[in-house]
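Colleague: 3D, please:
(one chain, ligands or ions: 1)
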Amino acid sequence: MNYFDILGVSVDDSTEHINDAYRRLARQFHPDQHPEASAAERARWTDAMASINAAWEALKDPIRRAQYRASIEPVRASSSGGRQAGPTYRAARVGECDLCGSGPATQVVFKHQHAYLIRATVYTSQLELCRGCALALGRARQNRTLIAGWWGVLSFFRNLGIVWTNTIQLRRAARLTSPTRSPEVVTPLATPLPQGRSVFGRFGFWFTMVVVAIIATAIAGSASQPESVGSNLPVGSNPSVGWATGNCIAGSGPVYPVSCSAPHVGQIVARVTDRSLCSVQAESYVEDAPWVWCIDENL
Ligand SMILES: [Zn+2]
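Modeller: Residues are numbered from 1 along each chain as shown. Below is the predicted model of the structure:
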């Protein structure tokens, strides 16, 4: 296997064609294209990218390319005895995985989103992948978007779509049969990516479930709360100031009416017959049958 094989180009291809091949591979294999990858996966992307870079370094310049070509051709010729070339290698074809060369493979689109309030970035990969690589990439992206994709209003709704699309693509990939690889295929990954745990066994799924549970509990809680809540203050009395709307209240144990010019903890804003009749602003009330005094603690 030589540098031409690694880039999937022939010895006679132009510099432009070689550069195109390099850019295409870099888009697929550069570790930065896979921010969702685990440390082990990232190491594989890094290794693959290193071999792609080495090949391109040797081939991008026409003079160095010619030297390299000359250096490999005698070896091929002599090692296999004359005209017959050594083992022939080829790039992955349609129906074979773009990453590892195994088949069968299918076109998949996986996305993930990083959303932060008004800023959001959507990463999209469209590749032809074998079962192993598709499940590995798809699960990692789904996990990532379940964690990082929700944090904005528009992003939230877009993320629902992304999660749904990824789910469909993962299901399609899971229906492929186990990947096998022809020995002559050259791809930067020698074997399918390890597919790892299912989406349901990863942090993102449980993180989303917990957030959904918290939001649901909050919505249910606020829906069941009465309009006026309030807390009941124990009733006290004051011989000089009576219980009446407009007066204020003081006291840390039983509360008693005081003039609002004196230090106070709230004002009596209404006298009603049931505490549910106090307005929302009245956080507290004093039950003094048959009346209920509504207290606004902000006044
Ligand atoms: Zn693969």
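Colleague: Now whatever residue of the stretch 151-299 of the chain ends up closest to the ion. Nearest residue, chain neighbours left out?
Modeller: As assessed by CB to the ion, the ion sits closest to residue 192 within the stretch 151-299 of the chain, at 4.1 Å. For the C-beta atoms, the positions are set from N, CA and C on the backbone; glycine is no exception. Leaving aside its sequence neighbours, residue 192 sits nearest to residue 132 (CB to CB, 6 or more residues apart in numbering; 2.8 Å).
Colleague: element containing that neighbour?
Modeller: helix 131-148 (DSSP states H and E).
Colleague: burial of the residue of the stretch 151-299 of the chain closest to the ion, as a residue count?
Modeller: 24 (other CB atoms under 10 Å).
Colleague: wait, is it part of a strand?
Modeller: No - according to DSSP: H, G, I helix; E, B strand; the rest coil, residue 192 belongs to no strand; its state is coil.
Colleague: so what's it up against?
Modeller: 97, 99, 100, 102, 130, 131, 132, 133, 136, 179 (CB atoms under 8 Å, 6 or more residues apart in numbering).
Colleague: next one: residue 208
Modeller: Residue 208 sits next to 146, 147, 150 when contact means CB under 8 Å, 6+ apart.
Colleague: Sticking with the last one, tell me its helix or strand.
Modeller: Spelled out, it's residue 150. Assigned by DSSP H and E, residue 150 falls within no helix or strand.
Colleague: For it, give me its contacts.
Modeller: By CB under 8 Å, 6+ apart, the contact list for residue 150 reads 115, 156, 159, 208, 211.
Colleague: can you tell me how far it sits from the ion?
Modeller: 30 Å (CB to the ion, to the nearest Å).
Colleague: ditto for the second one
Modeller: Using CB to the ion, one obtains 25 Å as the distance from residue 147 to the ion.
Colleague: Identify the bridge partners of residue 110.
Modeller: residue 125 (DSSP bridges).
Colleague: what ranges do the helices span in the stretch 1-150 of the chain?
Modeller: 3-7, 15-29, 39-59, 62-79, 131-148 (DSSP state H, counting those that start in this stretch).
Colleague: Can I get the ones you listed in TSV including mean pLDDT, mean neighbour count and distance to residue 170?
Modeller: As requested, those are exported to TSV (pLDDT from 0 to 100; neighbours: other CB atoms under 10 Å; distance: least, CB to CB, whole Å):
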stretch	mean pLDDT	mean neighbour count	distance to residue 170
helix 3-7	90	23	30
helix 15-29	91	16	19
helix 39-59	90	17	17
helix 62-79	75	12	41
helix 131-148	93	24	5
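Colleague: what would these look like in TSV with distance to residue 260?
Modeller: What follows is the helices of the stretch 1-150 of the chain, written out as TSV (distance: least, CB to CB, whole Å):
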stretch	distance to residue 260
helix 3-7	85
helix 15-29	72
helix 39-59	66
helix 62-79	91
helix 131-148	53
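Colleague: Would you confirm that residue 199 contacts residue 144?
Modeller: No - the criterion here is CB atoms under 8 Å, and residue 199 misses it with residue 144 at 10.8 Å.
Colleague: interface residues of the stretch 101-250 of the chain facing the ion?
Modeller: 102, 130, 133, 192 (CB under 5 Å from the ion).
Colleague: now for the residues you listed, which pair is the farthest apart?
Modeller: Distance extremes for these: the farthest pair is 102 and 133 at 7.7 Å, using CB to CB.
Colleague: For those two, list the residues in contact with both.
Modeller: Contacts common to residue 102 and residue 133, judged by CB under 8 Å, 6+ apart, are 179, 192.
Colleague: Could you list the low-confidence segments of the stretch 151-299 of the chain?
Modeller: Where the stretch 151-299 of the chain drops to pLDDT under 70, the residues are 224-230.
Colleague: all strands of it, in order?
Modeller: 231-233, 248-250, 256-258, 266-272, 284-288, 291-296 (DSSP state E, counting those that start in this stretch).
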